[in-house]
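A.B. asks: This is the structure alone, sequence omitted:
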């Protein structure tokens, strides 16, 4: 799975993206966040306040409860501020 | 008084404007129209259907009942179609 | 607040530059551009001649602009309306409104364009393939 | 329907020409231009850095445009959104909508700009005199 970060989430995690092997038991964005938070203190810090985060799976906005598969591209970012 | 014509009113009257001496008893646009209609068949033709006409006095839109004076500039024209 | 009634064409980018948006902190800028259509009421348009009442047109446009400024928080505005003989595709009118927040620009621009159609002393003579006629308000109001 | 996400600046007049309004008989054309303001939330802005999620942004903008075409009678539309480091007064976004009758252009343009602010994956990093921070939606929604 490719996990991409943007804006301050990217800054706090410290990387633009990473390729991970999704464990069998990680089936939603919600459990993915817990899994990623174990990777480093930076991850934990960036992903701790879930209310501030938005998500996409394969370039579509999704809710935190969205089911995911190992070949998805997941992005984690703050609310958008374009235009 | 300067009387100015525009669009098809101008075309039918056959002149862009004319300077007239306003008779004492002509006190409104309405009576001005009757007075002008006597000037020529072209005037009569152009000014006959009052429902198609709009008026201004000194560059402000007015109703047909508007009072007028000899030193006013009166314009007679069809509804505007700008923009 | 600028009003220009002119025979000459205009260039949007040049006009925007003249408005100097960065100086007045405008984040939003809405532009309406009206053009001569090549087809109107199912007729092929050959030309459009626009006549106007110089002093009155200027006064009316200025009054429309002031009204827009009273109703919305605008930083600047511009109205350019052309007259004379125009061809299909030619520019007729340009309305620019700028504001710190976009909503005002949108609302004010739409208002100005609407008012322009009912209060500005312009008349349009349309020439199609086989006739020439003065347009009626109901033929131009929604354009 | 055109979507361009680019680092480079754009020129409104050039973009209008590319849209070829006379070909599709467009009488009305509405343009929204968004710029970097020199003051935001009472702070002097030094720069604005815009980051985005390339493929997703493109998809979202295209979907917003299609939706606008479904809701209103449009002849053509264009969205250009810049990314990278911008300075006060710089262009950020351009939305052009054209239609035979003006109303559709106005409504569709406002819709696209609104949707853009909530659905397009752009993030803004604002640098003021003494700090740099990521803007929150409530700080940009009305811009």
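C.D. replies: Thanks, I have the structure now. Just so you know, these numbers come straight off a predicted model, no measurement behind them. Residues are numbered from 1 along each chain as shown, chains lettered A, B, ... in the order given.

A.B. asks: what about residue C:138, which SS state?
C.D. replies: Three-state secondary structure (criterion: DSSP: H, G, I helix; E, B strand; the rest coil) places residue C:138 in helix.

A.B. asks: Just want the residue of chain C that's nearest chain B.
C.D. replies: Across chain C, the shortest distance to chain B (C-beta to the nearest C-beta) belongs to residue C:122, at 2.9 Å. C-beta coordinates here come from the backbone N, C-alpha and C atoms, glycine included.

A.B. asks: so how far is residue C:54 from that residue?
C.D. replies: Distance, residue C:122 to residue C:54, by C-beta to C-beta, to the nearest Å: 11 Å.

A.B. asks: In terms of neighbours, single out the busier of these two.
C.D. replies: With other C-beta atoms under 10 Å in any protein chain shown as the criterion, residue C:122 and residue C:54 differ in neighbour count, and residue C:122 comes out ahead with 26 against 11.

A.B. asks: Spit out the contact partners of the more buried one.
C.D. replies: B:80-83, C:50-52, C:57, C:81, C:83 (C-beta atoms under 8 Å, 6 or more residues apart in numbering or on different chains).

A.B. asks: Now do the contacts for the residue of chain A found nearest chain B.
C.D. replies: Of the residues in chain A, the one nearest chain B is residue A:83, at a distance of 28.5 Å by C-beta to the nearest C-beta. For residue A:83, the contacting residues are D:34, D:81, D:92-93, D:113, D:116-117, D:120, D:122, D:140, D:143, taking C-beta under 8 Å, 6+ apart as the criterion.

A.B. asks: average model confidence for stretch A:44-59?
C.D. replies: Mean pLDDT, stretch A:44-59: 97.

A.B. asks: gap between that stretch and the chain center?
C.D. replies: Computed by C-alpha atoms, centre = their mean, to the nearest Å, the chain-centroid distance of stretch A:44-59 equals 5 Å.

A.B. asks: List the contacts of that stretch.
C.D. replies: Outside of stretch A:44-59, the residues within contact range by C-beta under 8 Å, 6+ apart are A:5, A:8-9, A:12-13, A:29-30, A:33, A:36-38, A:61-64, A:66, A:68, A:72-80, D:53, D:55-56, D:59, D:121.

A.B. asks: Can you select the buried ones among the residues you listed for me in PyMOL?
C.D. replies: Those of those that meet the burial criterion (16 or more other C-beta atoms under 10 Å in any protein chain shown) are gathered into one PyMOL selection, given here:
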select buried, (chain A and resi 5+8+9+13+29+30+33+36+37+61+62+66+68+72+73+74+75+76+77+78+79+80) or (chain D and resi 53+56+59+121)
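
A.B. asks: Check the contacts of stretch A:44-59 one by one and keep those near chain C.
C.D. replies: Applying C-beta under 8 Å from any C-beta of the partner chain, the subset of the contacts of stretch A:44-59 adjacent to chain C is empty.

A.B. asks: Could you tell me how far residue A:22 is located from chain C?
C.D. replies: Applying C-beta to the nearest C-beta, to the nearest Å, the value for residue A:22 to chain C is 42 Å.

A.B. asks: any idea whether that residue is helix, strand or coil?
C.D. replies: Relying on three-state DSSP, one would call residue A:22 coil.

A.B. asks: element containing the closest residue to chain D within chain A?
C.D. replies: Proximity of chain A to chain D (C-beta to the nearest C-beta) peaks at residue A:82, 2.9 Å away. In this assignment (DSSP states H and E), residue A:82 forms part of neither any helix nor any strand.

A.B. asks: What's the local residue count around it?
C.D. replies: By the criterion of other C-beta under 10 Å, residue A:82 has 26 neighbours.

A.B. asks: Also residue A:41?
C.D. replies: The burial metric for residue A:41, expressed as a neighbour count using other C-beta under 10 Å, is 8.

A.B. asks: Can you give me the distance of it to residue A:74?
C.D. replies: Relative to residue A:74, and taking C-beta to C-beta, residue A:41 is found at 21 Å.

A.B. asks: and if you look at residue C:75?
C.D. replies: Counting by C-beta to C-beta - residue C:75 and residue A:74 are separated by 42 Å.

A.B. asks: Residues of chain A that sit close to chain D?
C.D. replies: On the criterion C-beta under 8 Å from any C-beta, chain D has as its neighbours in chain A the residues A:4, A:6-8, A:10, A:56, A:59-61, A:75, A:77-83.

A.B. asks: just the helices in chain C please.
C.D. replies: In order along the chain, chain C carries the following helices (DSSP state H): C:12-19, C:54-71, C:102-119, C:137-140.

A.B. asks: would TSV of those helices with mean pLDDT be doable?
C.D. replies: Listed next are those as TSV, based on pLDDT from 0 to 100:
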stretch	mean pLDDT
helix C:12-19	91
helix C:54-71	97
helix C:102-119	95
helix C:137-140	84
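
A.B. asks: do you know which of those helices lies nearest chain A?
C.D. replies: Evaluated over these, closeness to chain A peaks at helix C:102-119, with 8.6 Å, by C-beta to the nearest C-beta.

A.B. asks: the helices in chain A, which residues?
C.D. replies: Counting by DSSP H, one finds helices in chain A at the ranges A:7-13, A:29-37, A:41-47.

A.B. asks: what's the average pLDDT for the first one?
C.D. replies: Okay, so that is helix A:7-13. When pLDDT is averaged over helix A:7-13, the result is 98.

A.B. asks: what's next to it, contact-wise?
C.D. replies: Under the contact criterion C-beta under 8 Å, 6+ apart, helix A:7-13 has outside partners A:5, A:16, A:40, A:42-43, A:45-47, A:53, A:76-78, D:51, D:123, D:125, D:134.

A.B. asks: check contacts around residue 79.
C.D. replies: I'll assume chain A. Taking C-beta under 8 Å, 6+ apart, one finds A:52, A:54, D:136-137 in contact with residue A:79.

A.B. asks: hm, I was asking about chain C
C.D. replies: Residues in contact with residue C:79, defined by C-beta under 8 Å, 6+ apart, are C:2-4, C:61, C:64-65, C:93-95, C:112, C:116.

A.B. asks: Distance check, it against chain A.
C.D. replies: As defined by C-beta to the nearest C-beta, residue C:79 lies at a distance of 26 Å from chain A.

A.B. asks: What is the neighbour count of residue C:61?
C.D. replies: Other residues near residue C:61 come to 27 when the count uses other C-beta under 10 Å.

A.B. asks: Most proximal residue of chain A with respect to chain C?
C.D. replies: Closest contact between chain A and chain C, by C-beta to the nearest C-beta, is at residue A:83 (8.6 Å).

A.B. asks: Nearest residue to residue C:14 in space, please, no chain neighbours.
C.D. replies: For residue C:14, ignoring the flanking residues on the chain, the nearest one in space by C-beta to C-beta, 6 or more residues apart in numbering or on different chains is residue D:13 at 7.8 Å.

A.B. asks: Check residue A:17 too.
C.D. replies: Counting by C-beta to C-beta, 6+ apart, the nearest residue to residue A:17 once its immediate chain neighbours are dropped is residue A:4, at 4.3 Å.
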